[in-house]
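K.L.:
Return atomic coordinates for the entry below.
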Amino acid sequence: MLAVVAALLAVGITAVGASTLVNSRAGRDAAADRLPVALLPVTPTALVAVVDDAGRLTTMAVLVLDPSGVGGSIVPLPVSADSSLDIGDDRFPLDETYEVEGVEVFVGAAEAMTAVSFDVVEIVTADRIEEIVGRFGSIDVELPVPLVDDDEPAPVVEVGPSVLTAEEVAAALTASTETQPDRLLDPARAAIWAGLAGRVGAGTGEAGPVGAGAPVPTPADLDEFLDRLFSGRVGFRELVARVPPAERNPRDVDVVVLDRAEVLLVFSQIAPARVATPNESLTFRIEVGFDDADLAPFGINNADVARDVINRLLFARANVVSVTTDAGDVPDVSRATVVDPSLIDRVEEGWIELLGDIVVEPAEFQLLGIDATIVVGRSYLELREVEEDTGEMAPGGLTEPTELGPTDDDPPDADEPGAAG
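P.N.:
Residues are numbered from 1 along each chain as shown. Next up is the predicted model:
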């Protein structure tokens, strides 16, 4: 079974921190006795899908701008990812959806898969890739597996470190083969996207950051989007995927299934205002602020905790749209705040089983689009200890460390373009 291993590279993916959310827009209407209001920051998104000379989809990536308006994140998606989200009796990879159903249905499937909508969509060919990468001259990559193409006698790019020209990057991203499952090339393609993100450095574009608290203007097209993206640091994040068992793939197509909790972990950090809320339920923000000493006995990190909590809430059919994993103050008992005090009993009921002891209180401000915020406390770790001791986990719980998520390695300086607020 193939598992696309998460690559935590030198520049961590840009996450939207708590200070950005609270300070983005706040104020009290005394006459109406309303709570102070904070808005999730605007983070425009783009989908870039690469096709080869025959029009076959070979690779794709979601691009997200930073709330500052410069820099952001690149998240590649496997073209063999299941557009049915592992729901129903059969699997339908995205490349098949693109070929059979066309661009509009394909884009809708990609939005459903990532839980975010796209402001800009472009289907790009090798020539367009050359144009995009040409501004950098070349990029450094390190491939974990060779990139092969049925039309080439030797690998397009070999295993190990390489320096690729724009033309070579285009050839690499449009390479495909029918001699082995196409998904086996995904780690190499992801390495190309990672090399592109790393090549940006502190920024090479001409766009400037927006003013404090100002929304990022929605780019009119991919060129405008990339100018902003490449004007600040760009993080990279590869998603984990699994090959479904044979009984879940009766047509035996080349397909992988993304981990829903991990997808939400990623996009609820970098594009919270764009995350969909498909369930008829409450919408949640999750804050995980443990330090290394808190989590060392469990062999996990804050991203692991957040993913586990997301999975438990998904089991309860809740919506998770915002996550932060910045280290900070951690309560002894997990705390939930709700905008509508009449919801306190609804939130509290059942959460002890899912998350351990939790105190539910009225919120002091309203984060627009969020019904409840959960600050994960040490009582959650006590629950994990009980689960490990008894071998029984709460419904939806994940006890294995995942080594997923953003990293704090080499964060941008606060005064640099693209630094998170």
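
K.L.:
SS state for the residue nearest to the spatial centre of the chain?
P.N.:
When Cα atoms, centre = their mean is applied to the chain, the residue found nearest the centroid is Val266 (2.6 Å). Taken by DSSP: H, G, I helix; E, B strand; the rest coil, the conformation at Val266 corresponds to helix.

K.L.:
Quick check: it vs Ser334, distance?
P.N.:
23 Å (Cβ to Cβ, to the nearest Å). Where you see a C-beta, it was placed from the backbone N, CA and C, and this is true even at glycine.

K.L.:
and if you look at Ser73?
P.N.:
Counting by Cβ to Cβ, the gap from Ser73 to Ser334 is 28 Å.

K.L.:
The two: who's more crowded?
P.N.:
More neighbours surround Ser73 than the other of Ser73 and Ser334, with 30 against 25 (other Cβ atoms under 10 Å).

K.L.:
and that one, bridged to which residues?
P.N.:
Val64, Gly235 (DSSP bridges).

K.L.:
pretty sure it contacts Phe236?
P.N.:
Yes. Using Cβ atoms under 8 Å, Ser73 is in contact with Phe236, at 7.1 Å.

K.L.:
What's the local residue count around Glu142?
P.N.:
15.

K.L.:
How about Ile358?
P.N.:
With other Cβ under 10 Å as criterion, Ile358 counts 21.

K.L.:
try the one 4 residues further on
P.N.:
Each residue near Pro362 was counted by other Cβ under 10 Å, and the total is 13.

K.L.:
so how far is Asp329 from Asp127?
P.N.:
Relative to Asp329, and taking Cβ to Cβ, Asp127 is found at 52 Å.

K.L.:
Please spell out the segments of this protein that come in under the pLDDT threshold.
P.N.:
For the chain, residues meeting the criterion pLDDT under 70 lie at 1-33, 346-347, 349-350, 393-421.

K.L.:
which residues of it fall in helices?
P.N.:
18-24, 94-101, 103-114, 126-134, 166-173, 186-200, 222-229, 260-270, 292-295, 302-315, 344-348, 351-355, 378-390 (DSSP state H).

K.L.:
Put together CSV for those helices, with distance to Ala54 on each row.
P.N.:
As requested, those are exported to CSV (distance: least, Cβ to Cβ, whole Å):
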stretch, distance to Ala54
helix 18-24, 44
helix 94-101, 10
helix 103-114, 16
helix 126-134, 12
helix 166-173, 14
helix 186-200, 17
helix 222-229, 22
helix 260-270, 29
helix 292-295, 48
helix 302-315, 38
helix 344-348, 52
helix 351-355, 48
helix 378-390, 50
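
K.L.:
and Asp86, which of the ones you listed is closest to it?
P.N.:
helix 260-270 (8.3 Å; Cβ to Cβ).

K.L.:
So which bits of that closest one are buried?
P.N.:
By 16 or more other Cβ atoms under 10 Å, the buried positions in helix 260-270 come out as Ala261, Glu262, Val263, Leu264, Leu265, Val266, Phe267, Ser268, Gln269, Ile270.

K.L.:
how many other residues sit next to the nearest residue to the fifth one once chain neighbours are set aside?
P.N.:
In space, and not counting its chain neighbours, Leu265 is closest to Arg307: 4.9 Å by Cβ to Cβ, 6 or more residues apart in numbering. Taking other Cβ under 10 Å as the neighbour definition, Arg307 ends up with a count of 29.

K.L.:
Verify the contact between Arg307 and Val266 for me.
P.N.:
No. Counting by Cβ under 8 Å, Arg307 does not reach Val266; the two are 9.6 Å apart.

K.L.:
looking at the helices of the chain, which is closest to Thr325?
P.N.:
Thr325 lies closest to helix 302-315 among these, at 3.8 Å (Cβ to Cβ).
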